[in-house]
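>>> I need the structure of the sequence given here:
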Amino acid sequence: MGFPLGVLFVNFYMGIVEERVFKKISQPDLYVRYIDDTFVNTANVDCREELRRIFEECSSLRFTLEHNLQGRLDFLDVLVETSDNTFNTSVHVKPTNLGLCLNGESALVGIKLPPLRPLFGEPFLTVLRVEVPTRRLPITKILVNNGFTKKDINRQIKQEIKKWYQNESPDNTNTPAKINLYYKGLMSINYKEEKTMKNIIKNNVFAPAEDIEINLIIYYQSAKTQNPIMKNNPAPAIQDDLKETNVVYRYKCPVQECLGTYIGMTMMHLSKRLSCHVQQGAIKMHCL
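Predicted structure coming up:
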C-alpha cells in the first residue's frame, strides 16, 4: 500500500471482484467495505463461509474471516455491538496501540496541528462525530501526551465535525460558488512561492460577483506518481536545459572587457530562476 496509487488500484480491483461475486450469490443485507476490509451481516456462519469461498474463487486473493464474539466485533478503529437488531458503535483502541503519533513540536512550519484524519483514520473520525464529548477523551489524551495543546485539539475536532455536518446536510444549498485556480508548485524550500501566489491572487484577481469565491489550489507532482503514468508515452523526449531542476549554473558577463562570473544553484526550473535574475539580484545590479 506504499505506492501512491495503491488505494485507487485496490478499490478498482475489489469493485470488479464484487461484481463477479454478487452475480453468483445474492448480496447480504449489510455489506460495507473500506478499501479491502469488509463488514458483513449474514444469517448464519455457513452463509459467511460460502461468501468467503466465492470471493476466493472470483479473485486471486485469500480472505480471512473474523466472527463476532458475544455480539461484539472490532472493525478497523470502530467497535461494533449488536443490540435489539441495531448496531452501536464506539471507538476501539487496539491492545498493541502505544498512543504514539506525530509530536506537536515537530510539525511543519505554519501547521499548528496536523489533520486528525491521517493520524487516526476516517473510521475513527466517523465514530468521533456521533459520540458524546466524553468519549473523545482518549484522542485528546493521546495528542496532549505528544505535545499538543488542549485548545488546539478542541478547535481541530470542532472543525472536523463542522466540515462533516456541512457536507452531509441536505440543506447545504447556500454555500457560495467557487472558482478554482490551479498552480503547479515546485517544492522549493528556499522560496515562499505559496504565500507569494496567494497574495498575488488576493490583490489582483477579483470575482465577477460578491457571492463567488476565488480559491487557489497549489498542487505538486512528484516522480513517483508521474513515472508510472507517463512511462508509456510514445512521444520522444525533448531535451531542454532550461526545464532542468536541481542544477548548478554559471553566468558570464557578455562584456568582453569584464571578467565577472556568477555561479549559483537552484532547485526550481532553470528558466524560472533566470527570470528571477532579470527582475532583481546580483546579476541585474552588475549589468546595470
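>>> R52 versus V45, what's the distance?
11 Å (CB to CB, to the nearest Å). In short, each C-beta sits where N, CA and C put it, glycine included.
>>> Between these two, which is the more surrounded one?
Higher neighbour count among V45 and R52: R52, with 16 against 10, using other CB atoms under 10 Å.
>>> which helices and strands does the helix or strand encompassing the more buried one pack with?
Assigned by DSSP states H and E, R52 belongs to helix 45-57. For helix 45-57, the packing partners by 3 or more CB pairs under 8 Å, 6 or more residues apart in numbering; DSSP states H and E come out as helix 6-24.
>>> just how off-centre is the helix it packs on within its chain?
How far helix 6-24 lies from its chain's middle: 22 Å, per CA atoms, centre = their mean, to the nearest Å.
>>> what's the angle between it and helix 45-57?
120 degrees (axes from the mean of the first three to the mean of the last three CA atoms, to 10 degrees).
>>> From the rest of the structure, what touches helix 6-24?
Here helix 6-24 makes contact (CB atoms under 8 Å, 6 or more residues apart in numbering) with 1, 3, 33, 35-36, 51, 54-55, 58-59, 61.
>>> Drop the exposed ones from the residues you listed and show what's left.
51, 54-55, 58-59 (16 or more other CB atoms under 10 Å).
>>> pLDDT weak spots in the stretch 51-200 of the chain?
Applying pLDDT under 70 to the stretch 51-200 of the chain flags residues 102, 106-138, 164-176, 186-192.
>>> What segments of it are helices?
All helices of the stretch 51-200 of the chain, identified by DSSP state H, counting those that start in this stretch, fall at 116-120, 122-130, 137-145, 150-168, 193-204.
>>> Let me see the residues that make contact with the helix holding R52.
17, 21, 24-25, 28, 40, 42, 61-63, 65, 67.
>>> can you list those residues in a markdown table and add distance to V144?
Output for the contacts of helix 45-57, formatted as a markdown table (distance: CB to CB, whole Å):
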| residue | distance to V144 |
| --- | --- |
| V17 | 43 |
| V21 | 45 |
| K24 | 51 |
| I25 | 48 |
| P28 | 41 |
| V40 | 37 |
| T42 | 42 |
| L61 | 40 |
| R62 | 41 |
| F63 | 39 |
| L65 | 38 |
| H67 | 37 |
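>>> Now the buried members of the residues you listed.
By 16+ other CB under 10 Å, the contacts of helix 45-57 give 17, 21, 28, 40 as buried.
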